[in-house]
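Enquirer: Mind folding the following:
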Amino acid sequence: MRKLQERRAILSYDAEIDPSIFGLTIHALVEVKMESTTTAEQFEARVATVPGIVRALVTTGHYDWVLEVLARDQHDLQRIIEALRVGGITRDTYSRVIASDRKFELLRKRR
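Expert: Purely as a prediction, here's the structure:
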């Protein structure tokens, strides 16, 4: 750990929080295709104002962004999606609710 810290390979230490404690029971990915006239800065500014969006990733492929979303229920998820659609900055959205989330270590222990 000390060597990784010295090499600045470790960027931060985080606490993993259970979102359900706060009533956030829906974990989803929302893919977004922007309108051709929308800039990344405009879209980021919109995303920053929408409660429930916890991560925004610029991606390659059919969609421009993948958003990680935490919502209370299906109605709250719909609210988030509609907030992204107003104002003519997005062309299309595609949503998927995450049924299971399992993380793996980046660096595995040697045996």
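Enquirer: tell me which element L67 is part of?
Expert: strand 65-71 (DSSP states H and E).
Enquirer: Downstream of that strand, the next helix or strand is which one?
Expert: Downstream of strand 65-71 (by DSSP H and E), the next one is helix 74-85.
Enquirer: OK, contacts around the spatially most central residue of the chain?
Expert: Central residue of the chain (C-alpha atoms, centre = their mean): E68, 2.2 Å from the mean position. Contacts for E68 (C-beta atoms under 8 Å, 6 or more residues apart in numbering) come out as H27, A28, L29, I53, V54, R55, A56, L57. Every residue, glycine included, has its C-beta placed from N, CA and C.
Enquirer: one more time with 6 Å, if that's ok
Expert: V54, R55 (C-beta atoms under 6 Å, 6 or more residues apart in numbering).
Enquirer: Start from the N-terminal end of this structure and give the helices.
Expert: Here the chain has its helices, by DSSP state H, at 2-6, 40-47, 74-85.
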